[in-house]
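Engineer: Okay, sequence plus prediction incoming.
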Amino acid sequence: MKKAIILIFVIVCFAGQIISQNDDGTVNLPDSIQYDRIIIKGVSISGNKLTKDYVIIRELDFKIGDTLSTSSDKREFVSKLKRRALKDSSELALRMHYSRENIINTKLFLKVSLGIKQIDSNSYNLLITVSERHYWWLFPVVKLNAPNINEWLRDIDLSDISMGLFFSHNNLFGTGDQTSLAAYAGKSYAAAFGYRIPWIGKGKKTGLTFGAAYQNLYTVEYASLENKRQMLYDNNSFQFAKFTAQFTYRPGLYNYATLKFTGEWVKISDSLYTLNPDFLAKEEKTNTSFSLYADYSYDSRNSQSYPLFGNYLKVFINKVGMGLYKRDVDYFFYGIDFHFYQKLGKRLYVAEMVKLENSSGDDQPYYYQVNMTGKKDFIRGYDLYTLKGDQMYYSRNNLKYVLVKPNIRKVKKEVKGSKFKALQYAFYLNLFADAGYVTNKSTENNPYNNKMLFSWGLGIDFVTYYDMVLRFEYAFNSIGTNGFFIAFGMPI
């Protein structure tokens, strides 16, 4: 605990002493406009060397030709807004800010700035200036043959690392198409391919994604005892092959619907079957299934990478096993996921989320159980435990203070045209409190199932290039343990 507190203290001091410039893009409007309403007659875009103009224009919160109010009297326009209404802001200012956030959320640009230029009387042109990201990547992949990084750090063994490469291009043809290829080898090995077409067809409201993957794992969690992971370390312990086809529909700027079809083949070794015959459905060593997943979401977050204000709501269903090939798998999952973000003060924010997921029936095989200690579904402070069952209900809550606002710090030697001539970063201090509950018939050897669990603590979030978030957290929990943990991805 002492070392963890010292590390958090050093990070806070370092963050507070950084001298840098805020240069992540702005909305530039005249101090005063003599017209109560102005017409946006056209648009001029600069800086998009690869990206097509229409990819940017489709993210605008208004249409070219619309008339926007310049008054701060919200009675005139607030009913027309689909997002929050900031204090003392005109419709023009609000829609410009929303448009900038939407363009940033395409994840195609480092910087986005918006402004207007008068053409004649109350007619104006919209000016958009962007700085494109680096779109293609080739970098190493590190796969830990351990339950997670925190357990591996407690017993470091370099032989438990599988290595590989990841390649992707995130803006093929300048239309936002994405392709990726990844593979790694070692005790575990895998290969995967994916291709995403963000929006096609008339109105650019429909998207398609295809993917395929194969994985052969050396390390498998096959059961739990006293809510501790029971691990098998053996070659060819777990194999699976999967392909997916996903259809996305976006009827409005902040509304999304997804339909995903998945085919999956799973095989376990004789050793794993001996340890847990109920790992797969119907106590078999191989399961083959086709699944259909659907969701609807509303997303008004200012940033999908690290939101500070806005809302996110998703309702979903997932039918695992449709009887198209075999009937050994037949499960149904459904739930709701709600996130809320709000600004409380100049540097103070609150973030909260609640997720409920249920399944038809109970006593699911271990592989198909919902998992409240996964990569996306978790409560902090239980990283060294496993909490799986037929239903889960949890909430994560943050009181967030901005230590260092999103900044860009230029490097000493710039390379002309480089997307890496400056370091992007931000630091956030979090006071957090989480709660969760997992329903599972098996409670005899797992005392934390069917029990309300709590955790609380303090953390630092480091947000940097290309949506990367690194978290340092010290957590206490209601079962009497505490510890320092490292995690990746935004907390809420």
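Structural biologist: Yep, it's here.

Engineer: any idea how far the residue nearest to residue 273 when sequence neighbours are not counted is from residue 140?
Structural biologist: The spatial neighbour of residue 273 that comes closest, neighbours along the chain excluded (CB to CB, 6 or more residues apart in numbering), is residue 285 at 5.3 Å. C-beta: built from backbone N, CA, C; applies to glycine. Separation of residue 285 from residue 140 (CB to CB, to the nearest Å) stands at 34 Å.

Engineer: Looking at these two, which is more packed in?
Structural biologist: residue 285 (14 against 9; other CB atoms under 10 Å).

Engineer: The strand or helix carrying residue 152 - contacts with which helices or strands?
Structural biologist: In this assignment (DSSP states H and E), residue 152 forms part of helix 149-154. In terms of contacts (3 or more CB pairs under 8 Å, 6 or more residues apart in numbering; DSSP states H and E), helix 149-154 is packed against strand 482-488.

Engineer: Need the contact partners of the strand it packs on.
Structural biologist: For strand 482-488, the surrounding residues in contact (CB atoms under 8 Å, 6 or more residues apart in numbering) are 1, 3-4, 7, 149-150, 153, 380-381, 383-384, 457, 468-476.

Engineer: now swap in stretch 228-244 and tell me
Structural biologist: Identification of contacts with stretch 228-244 by CB under 8 Å, 6+ apart yields 145, 147, 151, 187, 209-224, 260-269, 271-272, 275, 384-386.

Engineer: the bottom helix or strand of this structure by mean pLDDT?
Structural biologist: In the chain, no helix or strand scores lower on mean pLDDT, DSSP states H and E than helix 2-17, which sits at a mean of 46.

Engineer: pLDDT on whatever helix or strand comes next after it, on average?
Structural biologist: Under the assignment DSSP H and E, the closest C-terminal helix or strand after helix 2-17 is strand 27-28. For strand 27-28, mean pLDDT is 92.

Engineer: for strand 27-28, packing partners?
Structural biologist: Looks like strand 27-28 contacts helix 91-104, strand 109-120 (3+ CB pairs under 8 Å, 6+ apart).

Engineer: what lines up beside it in the sheet?
Structural biologist: Partner strands and pairing direction for strand 27-28 (DSSP bridges) are strand 109-120 (parallel).

Engineer: right, and residue 371 touches residue 387 too?
Structural biologist: Yes: the pair residue 371 / residue 387 is scored as a contact, 7.3 Å apart, by CB atoms under 8 Å.

Engineer: Please say which of those two ends up with more neighbours.
Structural biologist: residue 387 (27 against 18).

Engineer: Now do the residue nearest to the more buried one when sequence neighbours are not counted, the pLDDT please.
Structural biologist: In space, and not counting its chain neighbours, residue 387 is closest to residue 372: 4.2 Å by CB to CB, 6+ apart. At residue 372, the model reports a pLDDT of 96.

Engineer: count of residues packed around residue 201?
Structural biologist: 10.

Engineer: what's the answer for residue 344, then?
Structural biologist: 11.

Engineer: what sits against it?
Structural biologist: Applying CB under 8 Å, 6+ apart, the residues near residue 344 are residue 350.

Engineer: just wondering, since we're on it, how far is it from residue 460?
Structural biologist: According to CB to CB, residue 344 and residue 460 sit 19 Å apart.

Engineer: try residue 137
Structural biologist: 26 Å.

Engineer: Tell me which of the helices and strands packed on strand 27-28 sits most buried.
Structural biologist: helix 91-104 (a mean of 22; mean count of other CB atoms under 10 Å).

Engineer: ok and that one relative to strand 109-120, angle-wise?
Structural biologist: 150 degrees (axes from the mean of the first three to the mean of the last three CA atoms, to 10 degrees).

Engineer: Centre of the chain to helix 91-104, how far?
Structural biologist: 22 Å (CA atoms, centre = their mean, to the nearest Å).

Engineer: Please name every helix or strand in contact with that helix.
Structural biologist: Packing partners of helix 91-104 (3+ CB pairs under 8 Å, 6+ apart): strand 27-28, strand 67-69, strand 109-120.

Engineer: Filter the contacts of stretch 228-244 down to the ones in helices?
Structural biologist: Among the contacts of stretch 228-244, the ones falling in helices (DSSP state H) are 151, 271-272, 275.

Engineer: Quick check: residue 111 touching residue 25?
Structural biologist: Yes: using CB under 8 Å, residue 111 is in contact with residue 25, at 4.2 Å.
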